[in-house]
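Participant: Show me the folded form of this:
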Amino acid sequence: MELNYHFRDASLAALALTHRSAGKPNNERMEFLGDALLGAIVAEMLYETHPKATEGEMSRLRAQLVNGQALAVMARELELGDRLKLGSGELKSGGFRRDSILADAFEALVAAVYLDGGFEACRDTVRTLFADRIAALPRSSKDAKTRLQEWLQAQGWPLPQYDLVATQGEDHARIFDVNCVVAEPLSIHATGRGSSRRLAEQDAAEVVLGRLLEAQDKR
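Facilitator: Next comes the predicted model:
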């Protein structure tokens, strides 16, 4: 895989690949910016390619695409490890192979493209890098409640409880609000909305599952 971008200011690319162990300046600030840019651009791509997906499902897919492990894989495909600037301690301990360092460098490199060429250049680069991965995303035939229940069972956590919290509108256009609650130790909840109680439960389950998967990827 290639970055498919030519830097006008090569020092930005070099800074993006400079780990904090090498001293200052380093790529920490660029990593912060790159993380935000990746999240926004990948979210845009998912919004376009999954027109029927709920907020929760898109959150789950985004977490699947931009978590540390996934970004480290992309960094390896770009051979960023060979170009990292590390301090002596990280060099000796094999820091150029560490997922967290590689993922941070990938995010910083995205920021470097933005700083060098502007948002459209960054957007085009990220969309090119992620196009095949988004096209290959599996389309689950299981509904959100089933997927949430199976995930919780696999982790040994308590199963969710669904409570109708509100209804509104005329009988022919009723809207239902349902709260999905997963008890301690997770203590997470979300409210879903739909034209039937069943659809509202599915919407709430999708949001809860997305949050759980995103939290898991950040650990």
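Participant: and residue 75, what pLDDT?
Facilitator: Predicted confidence (pLDDT) for residue 75: 94.
Participant: That one and residue 185, how far apart?
Facilitator: 33 Å (CB to CB, to the nearest Å). The way it works is simple: take the backbone N, C-alpha and C, and place the C-beta from them, glycine included.
Participant: Look at the two and report which has more neighbours.
Facilitator: Of the pair residue 75 and residue 185, residue 75 is the one with more neighbours under other CB atoms under 10 Å, namely 24 against 7.
Participant: Nearest residue to the more buried one in space, please, no chain neighbours.
Facilitator: Leaving aside its sequence neighbours, residue 75 sits nearest to residue 102 (CB to CB, 6 or more residues apart in numbering; 3.8 Å).
Participant: Now do that neighbour against residue 64, distance only.
Facilitator: Applying CB to CB, the value for residue 102 to residue 64 is 18 Å.
Participant: Compare the two and say which is more crowded by neighbours.
Facilitator: residue 102 (24 against 16).
Participant: what ranges do the helices span in this protein?
Facilitator: All helices of the chain, identified by DSSP state H, fall at 10-16, 28-49, 55-66, 68-77, 88-92, 99-117, 119-135, 144-155, 197-218.
Participant: Kindly report which residue of the protein is located farthest from the centre.
Facilitator: In the chain, residue 171 marks the outermost C-alpha relative to the chain mean, sitting 39.2 Å out by CA atoms, centre = their mean.
Participant: Check it and give its pLDDT.
Facilitator: Listed pLDDT for residue 171 reads 78.
Participant: and if you look at residue 26?
Facilitator: pLDDT, residue 26: 95.
Participant: can you tell me how far the residue nearest to the spatial centre of the chain sits from residue 216?
Facilitator: Closest residue to the average C-alpha location of the chain: residue 63 at 2.8 Å, with CA atoms, centre = their mean. Going from residue 63 to residue 216 by CB to CB gives 8 Å.
Participant: got the contact list for residue 174?
Facilitator: 167, 168, 195 (CB atoms under 8 Å, 6 or more residues apart in numbering).
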